[in-house]
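> Need coordinates for the following:
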Amino acid sequence: MFHDEYLTLDRESMKRAVVSEDVQKAAVAAGREDLRFEDFLALLSPGAADLLDAMALSSRALTQRHFGRNIGMYIPLYLSNECTNECVYCGFNRNNAINRRTLTGPEVERELEAIQQQGYDSILLLTGEAPARAGLDYIARCVASARRHFTQVSLEIYPMDTDGYRRLVDAGATGLALYQETYDRETYAKVHLSGRKSHFQWRLDAPDRAAAAGFRRIGIGALLGLSDWRLEAAHVGAHAAYLMRKYWRTEISVSFPRMRECPSAFKPHCAVTDRELVQMLFALRIYTKSAGMALSTRESPWFRDHMVDLGVTSMSAGSKTNPGGYGTYSKSESQGQFEICDDRSLEQVQAAIRGRGYCPVLKDWSETFGGVQP
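I've put the predicted structure just below:
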């Protein structure tokens, strides 16, 4: 489990490395073909701040080598905004006075059909953490419904044990995204006041359990704004490298969720600038080489458009963060988790991607590609 490796990380040495202003050390790291972990830390440091142009070229070349000029398109569907956790930064915090919804079977079907009509073949199903309302049985039924419409059905849900994850894989789930939020244990305790999400290690080891259960794709990341971005990025890189090494048959990806406005009115502890986010993405691409990189509608149209050819491999478009937002409930009837920044339609985002010389991909995998099943 990654927690065992997490305990071996020398956090004091990591802190010193990521605040270093040694430009020469960063330049040497940037020139290596295969980066060591200490080289990766150097690329996250202030010493690498003036190397962004060179890092951008390396990031672009590595991305094209492993992914071509393709950007995978996906869309999120929030099944429920009910939650028993008390996460101070989240719009679904159980103490927030918002309109709560958990979609019924017919409502889920209506949303799936509305999304399918847009042309998507990859969907991400999300819930809060309220097992009494949106438990394993409910999520499994939603996955089975989604697989009747989509080839790729990914999940962003609360951590489960291996048997629970395996049941979702058997129901048709192909991917799982689970963000640690923050890898700093002290900060984690301060922002997760109560509820099952307050258990740091249970969440940290969830990607291991998901890989063991058979998910084809697993996404990780940190919620940028809770703690120092350089240290968060260092831990994300260590986690990604560990997963890619141990579960080499599973596709590993990294997301970069930067904090947006939400009903909790929580202010980020550590604001992350565009330039810092770019440095983090470049460093992770150069270090991991073949990990996927996802950029959601949390980011502005301008920023997303300019990142198309610099390391990103998947994007969402036309997103709604409230349950039933595609054709069932308005924002006043069903509260969203956060405010999106890029509200362009799928067609508009596809046009922007093509304008950068890249291809938006709606479908990139099918079970039949591996042989006809009897």
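> Just the buried positions in stretch 85-94, please.
Buried residues in stretch 85-94, counted by 16 or more other C-beta atoms under 10 Å: Asn85, Glu86, Cys87, Tyr89, Cys90, Gly91, Phe92, Asn93, Arg94. The C-beta positions use only the backbone N, C-alpha and C, and glycine is treated the same way.
> out of the residues you listed, which are inside strands?
Counting by DSSP state E, no part of those is found in strands.
> For Tyr287, state which of the residues you listed is nearest.
Tyr89 (27.2 Å; C-beta to C-beta).
> Make sure that closest one is actually in contact with His269.
No: in this structure Tyr89 lies outside contact range of His269 using C-beta atoms under 8 Å: 9.1 Å.
> between the two, what contacts are shared?
Here Tyr89 and His269 have Gly225, Leu226 as joint contacts, going by C-beta atoms under 8 Å, 6 or more residues apart in numbering.
> Show the model's pLDDT score for Phe67.
For Phe67, the pLDDT comes out at 97.
> same question, Ile115
pLDDT, Ile115: 96.
> Excluding its own residues, what touches the helix or strand it falls within? List them.
According to DSSP states H and E, Ile115 maps onto helix 105-116. With C-beta under 8 Å, 6+ apart as the test, helix 105-116 has contacts from 75, 77, 79, 103, 123, 141-142, 145-146, 148-150, 324, 326-328.
> Can you name the residues bridging to Ile252?
Ile218 (DSSP bridges).
> my guess is it contacts Tyr242, does it?
No: with contact defined as C-beta under 8 Å, Ile252 does not reach Tyr242; the gap is 9.4 Å.
> So for the two, which residue has more residues nearby?
Ile252 (23 against 18; other C-beta atoms under 10 Å).
> Next, the contact list for that one, please.
Counted by C-beta under 8 Å, 6+ apart, Ile252 has contacts Arg217, Ile218, Gly219, Ile220, Ala240, Leu243, Met244, Thr288, Ala291, Gly292.
> Of these, which belong to strands?
Secondary structure defined by DSSP E assigns Arg217, Ile218, Gly219, Ile220, Gly292 of the contacts of Ile252 to strands.
> doesn't Leu243 make contact with the second one?
When you say that, I think you mean Ile218. Yes: taking C-beta under 8 Å as the definition, Ile218 is a contact partner of Leu243 at 6.6 Å.
> which neighbours do these two share?
In terms of C-beta under 8 Å, 6+ apart, Ile218 and Leu243 are both contacted by the residues Pro207, Ala211, Thr250, Ile252.
> My guess is the first one contacts Gly175. True?
Read it as Pro207. No: here Pro207 does not reach Gly175: they are 11.5 Å apart, not a contact under C-beta under 8 Å.
> Now for these two: what residues contact both?
Here Pro207 and Gly175 have Ile218 as joint contacts, going by C-beta under 8 Å, 6+ apart.
> Those two: who's more crowded?
Pro207 (27 against 24).
> Name the helix or strand for that one, please.
Here Pro207 is assigned to helix 206-213, by DSSP H and E.
> How about that helix, which residues are buried there?
In helix 206-213, counting by 16+ other C-beta under 10 Å, buried: Ala206, Pro207, Asp208, Arg209, Ala210, Ala211, Ala213.
> Could you list every helix and strand that it packs against?
When contacts are defined as 3 or more C-beta pairs under 8 Å, 6 or more residues apart in numbering; DSSP states H and E, helix 206-213 packs onto helix 162-171, strand 217-221, helix 229-246.
> What is the second one packed up against?
Meaning strand 217-221. Contacting strand 217-221 under the criterion 3+ C-beta pairs under 8 Å, 6+ apart are the following elements: strand 175-177, helix 206-213, helix 229-246, strand 251-255, strand 292-295.
> Deepest-packed of those, please.
strand 175-177 (a mean of 25; mean count of other C-beta atoms under 10 Å).
> Can you give the distance of that one from its chain's centre?
8 Å (C-alpha atoms, centre = their mean, to the nearest Å).
> right, and the helix or strand after it?
Proceeding N to C from strand 175-177, the next assigned helix or strand is helix 185-191, under DSSP H and E.
> For that next one, what is the distance to the chain centroid?
20 Å.
> in it, what's buried?
Here helix 185-191 shows Thr187, Tyr188, Val191 as buried, counting by 16+ other C-beta under 10 Å.
> what does it contact?
Cys87, Val88, Tyr89, Gln180, Glu181, Thr182, Ser198, Phe200, Leu226, Ser227, His269.
> Neighbours of the fourth one, how many?
A count of neighbours around Gln180, defined by other C-beta under 10 Å, yields 22.
> Show the pLDDT at it.
97.
> and Gly72, how far is that from Phe256?
Gly72 sits 15 Å away from Phe256, going by C-beta to C-beta, to the nearest Å.
> next one: Ala291
When Ala291 is compared with Phe256 (using C-beta to C-beta), they lie 12 Å apart.
> Kindly report the same for Glu109.
In terms of C-beta to C-beta, Glu109 sits 32 Å off from Phe256.
> How about Tyr188?
The gap separating Tyr188 from Phe256 is 19 Å, by C-beta to C-beta.
> Leu284 now?
Distance from Leu284 to Phe256, by C-beta to C-beta: 9 Å.
> Repeat that for Arg60.
Counting by C-beta to C-beta, the gap from Arg60 to Phe256 is 17 Å.
> Show me which of the two is the more surrounded one.
Neighbours were counted for Arg60 and for Phe256 using other C-beta under 10 Å; Phe256 has more, 25 against 15.
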